[in-house]
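Asks: What shape does this take:
(one chain, ligands or ions: 1)
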Amino acid sequence: MQNTSWVPIFPEQASTFAWQVDALYFYLIFVSVAFSIPIIVAIFFFSIKYRAREKFATPEEIHGSMVLETVWSIIPFVVSMTIFLGGAIIYFQQYTPPEDAMEVYVVGKQWMWKIQHESGQREINELHVPVGRKVKLTMTTEDVLHDFFIPAFRTKADVVPGRYTYMWFEATKPGKYRLLCAEYCGLNHSGMGGWVYVMEQRDFDNWLSGNVSGQTPVDAGKDLFQNKLGCASCHSGGAGQRGAKLEGIFNTDVKLVGGQTVTADDQYLRNSILNPASQVVEGYQPIMPTFKGQVTEEQLNSLVAYIKSLSPGAASPSAMAPPAAPASANSAATTKTEPVKPAANSNK
Ligand code: CUA
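Replies: Residues are numbered from 1 along each chain as shown. All right, here's what the predicted structure looks like:
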């Protein structure tokens, strides 16, 4: 990784966020320097000028100065508000994933990153993404807290057990960039990292179609739902079903027993699989068994992806490149899901 940023101690700027974060950072440095230097100069100047103590023992009294007080109120106000606004704007952008982003699933584990694409492609400690496309990561962990950090993209987010967290970015130039874990997570924390490969769309499509290593998350989820876990026996959606109808449910507000309303998002679906009794949809009995301990985080991702796919309008449109991997979806249907399988990334 060559370093081309103009201050060599900084990582490359390789995402749309990078220049914004750096600009804010340089502004903070500028403000710190602009205040520190006059203070240091004044300390030396005064200690020399007023060193004859007796002569200045009784200083002249000052009875306030409107000009001075206005100036030292307005300048810090402007400085602190620009820091606040700059930080808030960048923060809201970074943690509001756009609707049209391509989705990637990330599962952290001591001490590796397991990644799966919408097409089913899996990778470990590597993430291949196309340049100039918005990419949204849906992340969770099998064990402890981790933190997904790509310095060249100037973005990171905690990965938290028991819930989903998200981050997104748009890479601006092809290359190979460090991927790190930025939350101390045990013995081999420092080794929990890898590389992000930013590729031209064409190369990415090639990569994607060249390494089919399993079912798509939606297909895997469908298999679990209909066969392996038997969810369909209660949730197939017909009249008189014991389980709530799941078609079209994603991102809608559902009424719960007890009168609350909740949005059926990823987090809700996940929670309903693991703790079914906690948020029961109105009109149904709390009879669903928990699947805690029976499904892995990756299987949960697949189930959620499948249930989302039952709500075509609400789910974020699958932004996979249209011509990519035409064979994968069909041929994958016969393949068994491997829990973890490092994709043999041949063409990089
Ligand atoms: Cu995972 Cu540090």
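
Asks: Tell me where this structure has helices.
Replies: Ranges of helices in the chain, per DSSP state H, are 18-49, 66-94, 201-210, 217-223, 232-235, 266-274, 297-309, 326-332.

Asks: which strands and helices sit next to the third one?
Replies: Using 3 or more Cβ pairs under 8 Å, 6 or more residues apart in numbering; DSSP states H and E as the contact criterion, the elements in contact with helix 201-210 are strand 126-130, helix 326-332. C-betas here are computed from N, CA, C, even on glycine.

Asks: Pull up the pairing partners for the shortest one, direction included.
Replies: So the one you mean is strand 126-130. strand 193-199 (parallel) (DSSP bridges).

Asks: Now Lys292: closest residue in space that isn't a chain neighbour?
Replies: Using Cβ to Cβ, 6 or more residues apart in numbering and skipping residues adjacent in sequence, the residue nearest Lys292 is Leu274, 4.7 Å away.

Asks: ok, that neighbour - how many residues close by?
Replies: Neighbour count for Leu274, taken as other Cβ atoms under 10 Å: 16.

Asks: Mind checking the helices of the chain for the one nearest to the ligand?
Replies: Closest to the ligand of the helices of the chain is helix 297-309 (Cβ to the nearest ligand atom; 14.3 Å).

Asks: which outside residues touch that closest one?
Replies: Residues outside helix 297-309 that contact it (Cβ atoms under 8 Å, 6 or more residues apart in numbering): 105, 107, 114, 116, 118, 138, 140-142, 215-222, 224-225, 229, 231, 246, 249-250, 266, 269-270, 273-274, 295, 314-315, 337, 339-340.

Asks: mind showing which ranges of the stretch 101-250 of the chain have poor pLDDT?
Replies: 211-214, 237-240 (pLDDT under 70).

Asks: Get me the contact residues on it for the ligand.
Replies: Within the stretch 101-250 of the chain, the positions adjacent to the ligand are 108, 111, 146, 181, 183-185, 189, 192 by Cβ under 6 Å from any ligand atom.

Asks: Quick check: the farthest pair among those residues?
Replies: Spatial extent of these (Cβ to Cβ) is set by the pair Gly108 and Tyr184 at 12.9 Å.

Asks: So between these two, which is more surrounded?
Replies: The neighbour comparison of Gly108 against Tyr184 (other Cβ under 10 Å) goes to Gly108, with 27 against 11.

Asks: Any idea what the more buried one is bridged to?
Replies: Trp113, Thr141.

Asks: tell me the contacts of it?
Replies: 114, 139-143, 146, 148, 159, 181, 185, 192.
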